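>>> here's a sequence, model it:
(chains A, B and C)
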Amino acid sequence: MEAVSSKIVNILVNGNNYEVTVASNDTLLTVLRDKLGLTGTKFGCGNGECGACTVLIDGEAVNSCLVLALNCEGKEIQTIEGLASSNGDLHPIQQAFVDNFAIQCGFCTPGIIMSTKSLLEKNQNPTEYEIREAVNGNICRCTGYENIVKAVSAAAETLRGK
Amino acid sequence: MAEKFSVIGKSIPAKETKIKATGECKYVDDLPTDLHVKILRSPYPHAMIKNIDVSAAEKLDGVEAVITYKDVPNRLMPRGCARALYILDPHLRHVGDEVAAVAAISESIAEDALTLIKVDYEVLPAVFDPEEAAKPDAPKIYPEGNVYGPQYEPLHEKGINAPTLLEWGDINKGFSEADVIVEDTFEVGPQIHAAVEPHICITSWVGDELTVWTANQVPYEVREGLAYVFEMPESKVRVLSPFIGGGFGGKYLNRYHAICALLSKQSGGKKTKIRFTREEEQTNSKRFLSKQYIKIGAKKDGTLTAIYFKGYADLGGYGNFFGNSGFWGEYPAAAYKVNNSRFEGWDVHTNHFTSQPMRSVQVPATVFSVESVIDQVAKKLNMDPTEFRLMNMPQTGDVMPPLPYTANTVGYPRAELEGYPSKKLMKLVKDELGWDKKWKGWGRPVEENGTKKRGIGIVYSGYEGGFCHDGFMSMAASMNKDGSINIMAGTQDLGNSSNMTMCQLAAEFMGIPLEDVNIFTGDTSIGQYDYFGARASRELTTGGHLLLKALEEIKQKVRIIAAPRLGVKPEEVEIKGKMAYVRTKAETDALKEAIPFAELITSSITAGASGEPGSVFPETAPGKKVRNSMVAGIEVEVDTETGEVKLLNMVTANCPGKAINPEVVKGQYQGATIMSLGYALWEDFVYDENKRAYLTDSFTDYRVPRAQDVPPLKTIVLEETPDRPPHEGTPYGAQGVGELGCWSGPAVVASAIYNALGKRMQKSPMTAEKVLELIKEGENK
Amino acid sequence: MSYPHVITKTIKEFKLISPTTIEEALYALNEYKTDTRIIAGGTDLVPLMKHRAVTPKYVVSIEKLKELDYVRLVGDQLRIGALTKINTIKNSDVIMKNCYSLYEASLVFATPQIRNVATIGGNICRSSPSADTVPSLLVFNAQVKLVNQKGERIIPLEQFFTGPGLNVADSDLLTEIIIPIEKGEYGTAFHKISRNTSDLAKVNCAVKVSISHEKFSDVKVALGAVSDRPIRAKNVEKLLIDKKINAENIEKASEMVINDINPITDVRSTEIYRKEISKVLVKRMLNLAVERAQK
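Residues are numbered from 1 along each chain as shown, chains lettered A, B, ... in the order given. Take a look at the predicted model:
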């Protein structure tokens, strides 16, 4: 049990194993964006308030700006880049966000889609209350959330049909 | 217009939403950089730098450049329409004002370097209230005084304190004719833009060329300002604004662009990047604080006779945009048919950070005040508030203002309203809200349940729907040999689908499929121009108008080429669907003889359009004027023991003229409406003078609406289009749609609270603390 | 937070220690006594480090101590491991059945992302006067287990807090929260008043009442964000015990809360407002808890 200031770790992101040098004061967000080049996850506040940096760790939505990257070793991380299939087809959640005009400036979108994914993995038939609750940690300043709620509902319907 | 449309009027998601959904979309923060920039900021609201020592910071390992006011050009950087700035200035005008800046190989080294800078400040007295700051003995933020304006006469430069004044008819006569007069004062706090994407800029100054990547609503303003302050030709400054993570009026040219550029130059051309922290973002730009005094007179029969408005607006230390109330000055007289009115707007600098427009200059605050007094007048007359408004609101075809101006008429000619179905909107909202059943009379709740009281309110407003300064923008289009269209746009897409909207306009106008249109924007090297940028929904009204003018010119060029081949005059040639044919013949016969472009042209055809120099076309056709109109209603439940206001149900009805992309239009209204509810209830702005701190510098303590805060919302869109050619005036009669959704929040919530409690809020935001204080006050209003 | 001369958002370098057993953790805490912080979910500590409000040399991460992540009923005690996430509490039937007010607190605790990582132990150790889980724990007379290399001690949670952000834990590890569960009829309720959803409390309040023969046989009232630490409203409690359950008694007792609290004005609310709504909250939670107890 050593006191570590920096270490080479293996982290699993979107099914790919990355070997990367991580400092103790690196957040998961920093590592994803600056070291792995996965810039789909956004910096909005750095304080865990806005949700723009939401990723899934072992299936649960978290603010990656608050997570120490060294603690991520051995965990399964999913980011927005892992959703669309390799042939470029959008994930049903992504498609629903496009089709329902739930994207304006788009800066909060990756985070909200990840929160949605976390919800729909557990609950494929969410009520409007449950949808709003699931995205309440994500600030969207553009849409007023109306179309986001519609999109999540539509995505759930598509996923149920699968 | 009986014409059937094939592309406009259809809801089509913007092309880039797909890459926004996958995370592939590269915002400026996603681009690479060499160095990170951090700014040392003033801990005092008003101070002079007496001494600054950066030697220790410069020596820190990893630091590549440090600048202070001593290193910047002795030249003021002009901005589109605001006070010019030195890149750094020893005179600090607000907490957070820029003191010095560092470029280093990492953010943490840059931060460490800031802690090594030693500064001696001479602390000066500060002033935070615009009314106080306007007094002659107030601490001077500028040597000539704190009052800025009036709008069209910069008298402050001559040291003359004067308000922006607008006058119609005879205000004294108006009040003398009134049977009922109500006067009241109001205060509306600032609202912070608080986009989720913080301000950001990357610069690269290599040799004599400067490249800037920034999320910006007005990239040409950035180019112009930087070129001027660094004495470079504009051709050598390239500004790219690929995607913007939310603007709302907050992202214009500012010091950080120039600071970043200078640090790039000093570090030998390395890429320098600044990304604001959330704390910097929340203390960078805000909507004006305003204090307003309103007096309205009416006759017994309900006819309005006079509206008097006096307001003080806080511009902050600098102001950005015309720091100016003239932009809402017309509102009091523009929204109602009243012959006599006077507007007096004082724009005053204070020691707060900069005020900028936010989804319109200051309309929401003014709507709050004016509608609150309109309500009180209706009550005195014992009239239903909706009936009173219906009686006095103008509608399509009315000439506004009813009487000519008697003072300061620049920019506001009288004109006949176009696309202004105000009365229909009122009826739609009343029906949807169930007004006639629910209205129980003034100050009487719809329902009482223990400590909870329900109230309803309806407000109306109408104002400019996109300022059309066509002389300050250019748009170009190129028709390729295959008939497809490239648009080279001066406009900037803010994430509001303006690019898609432009493509739809072009496809419709040329009669080609949407897939055949492509748009290039967000890069000054495209060679177009826009002085005012993506503000006031000008992308559609002005950009769309110029685009159709350019396309019409292309059509005309093809007509001239095709006319001899078709054996007719050019004006008889129709251009549609990549063919030229004779318009006068029956279409089926004409199409048989149509000549495809491939046989007509051997090169692409390009045309550009810009208005006459200096031209603003507030008139959309001779004597006509497009105006936004909207009506909003809400039902709230007030907890009389806690002051909490629960939003139960909201209905809005808005007219966009022609909705080019209906779901996009609706999305603009919805987003703006929710933003205005945040403004009305939760988005309090708190500065602590003792701590010299903005306490609302985070999303923890600046409470923007979240998904669970939003009430059930019905958004009604009512189109009304004028009968005129699509390229004369606003395109197809479309109006700007980005602003009007946010005009109603404070006004409609205050009206509903009044009807629940019988007491009126005079301050917004209407936090539970303020509502409870009102409840505990003995006196009825 | 007052406006800093320099706004920092990067964390100062530190050394991370990641024990995998409690013994290792205690060893580390003993070894690095000074300049050390414990990190669990990190939702409070990471922002503090980013703003350099705290700059520890060592951070002991306890998140690998899976043995501290549990909710279980042991005899007449509900035991919650310190590393139990708020979301686990939100989804726990055991908690919903036995400690309903704590379940209610978990519903309005921050955001889903925070609930997924923040732990109950972390919420207690942060010792914020407004901590949402604490009032419920106080009304249940919860105890906390503090462990160090020398041994363990169990103290009432009420004695744990010593001021805003301050507590009695030194180089101790808080490992468990112990909640005694009564057999008889009782009811609990929690409510938070905040600016909008997912916000910190202006005031939060939990109540637990036990009823016997239409009288209050026991009453516990606790509030947050109205003093320098979460507090019990003992003046209210005293006035109700053995009294008949009726609106008048509840109303009268609720007014007494004013003697238990000492709120301040800050960015979230005002002293006056906090005083007013403390009375209202206590009254409403008493009524709700009584209603639930009678069911």
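
>>> let me know the pLDDT of residue 44.
In the absence of a named chain, this looks at chain A. Note on residue A:44: pLDDT of 98.

>>> actually chain C
What the model reports for residue C:44 is a pLDDT of 96.

>>> you'd agree it is up against residue C:124?
No - contact criterion C-beta atoms under 8 Å: residue C:44 and residue C:124 do not qualify, at 11.2 Å. Quick note: C-beta positions are derived from backbone N, CA and C, even for glycine.

>>> which ones are touching the residue nearest to residue B:339 when sequence neighbours are not counted?
Distances taken as C-beta to C-beta, 6 or more residues apart in numbering or on different chains put residue B:169 closest to residue B:339, at 4.4 Å, once the chain neighbours are dropped. Neighbour list for residue B:169: B:339, B:340, B:341, B:403, B:406 [criterion: C-beta atoms under 8 Å, 6 or more residues apart in numbering or on different chains].

>>> neighbour count and secondary structure added to these, as JSON lines?
Formatted as JSON lines, the contacts of residue B:169 follow (neighbours: other C-beta atoms under 10 Å in any protein chain shown; DSSP: H, G, I helix; E, B strand; the rest coil):
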{"residue": "B:339", "neighbour count": "20", "secondary structure": "coil"}
{"residue": "B:340", "neighbour count": "27", "secondary structure": "strand"}
{"residue": "B:341", "neighbour count": "28", "secondary structure": "strand"}
{"residue": "B:403", "neighbour count": "16", "secondary structure": "coil"}
{"residue": "B:406", "neighbour count": "15", "secondary structure": "strand"}
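
>>> now for those residues, which pair is the farthest apart?
For the contacts of residue B:169, the maximum inter-member distance is 11.1 Å, found between B:339 and B:406 (C-beta to C-beta).

>>> overlap of the contact sets of those two?
B:168, B:169.

>>> if you average the pLDDT over stretch C:202-211, what comes out?
97.

>>> what comes up buried for that stretch?
Across stretch C:202-211, burial judged by 16 or more other C-beta atoms under 10 Å in any protein chain shown covers C:202, C:203, C:204, C:205, C:206, C:207, C:208, C:209, C:210, C:211.

>>> in a markdown table: these, plus secondary structure and distance to residue B:83.
Output for these, formatted as a markdown table (DSSP: H, G, I helix; E, B strand; the rest coil; distance: C-beta to C-beta, whole Å):
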| residue | secondary structure | distance to residue B:83 |
| --- | --- | --- |
| C:202 | coil | 39 |
| C:203 | strand | 44 |
| C:204 | strand | 46 |
| C:205 | strand | 50 |
| C:206 | strand | 53 |
| C:207 | strand | 56 |
| C:208 | strand | 60 |
| C:209 | strand | 63 |
| C:210 | strand | 67 |
| C:211 | strand | 68 |
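
>>> so which of the residues you listed comes closest to chain B?
residue C:202 (7.9 Å; C-beta to the nearest C-beta).

>>> isn't that closest one right next to residue C:273, touching?
Yes - using C-beta under 8 Å, residue C:202 is in contact with residue C:273, at 7.1 Å.

>>> before we move on, back to that, just give me the closest of the contacts of residue B:169 to chain A.
Ranked by distance to chain A (C-beta to the nearest C-beta), those are led by residue B:341 at 33.3 Å.

>>> where do the domain boundaries of chain A fall?
In terms of domains, chain A is parsed into A:6-82, A:92-161 (source: automatic domain parsing).

>>> what's the closest of the ones you listed to residue C:194?
Nearest to residue C:194, of all the domains of chain A, is domain A:92-161, at 12.5 Å by C-beta to C-beta.

>>> pull up the residues of the stretch 551-700 of chain B that are close to chain A.
Residues of the stretch 551-700 of chain B that fall close to chain A, judged by C-beta under 8 Å from any C-beta of the partner chain: B:663-664, B:666-667, B:670-675, B:698-700.

>>> just the ones of these in helices?
B:663, B:664, B:666, B:667, B:670, B:671, B:672, B:673, B:674, B:675 (DSSP state H).

>>> what's the burial count for residue 63?
You didn't say which chain, so I picked chain A. Neighbour count of residue A:63, defined by other C-beta atoms under 10 Å in any protein chain shown: 32.

>>> correction: the question concerned chain C.
Neighbours of residue C:63 using other C-beta under 10 Å come to 19.

>>> make sure it is indeed in a helix.
No - counting by DSSP: H, G, I helix; E, B strand; the rest coil, residue C:63 is not found in a helix; it is coil.

>>> what about whichever helix in chain A runs longest, near chain C?
Longest helix of chain A, by residue count under DSSP H: helix A:146-161. No - using C-beta under 8 Å from any C-beta, helix A:146-161 stays clear of chain C, with a minimum separation of 13.1 Å.

>>> now the strands for chain C?
C:15-17, C:36-39, C:58-61, C:71-74, C:77-81, C:143-148, C:151-156, C:161-163, C:166-167, C:173-180, C:186-193, C:203-212, C:215-224, C:231-232 (DSSP state E).
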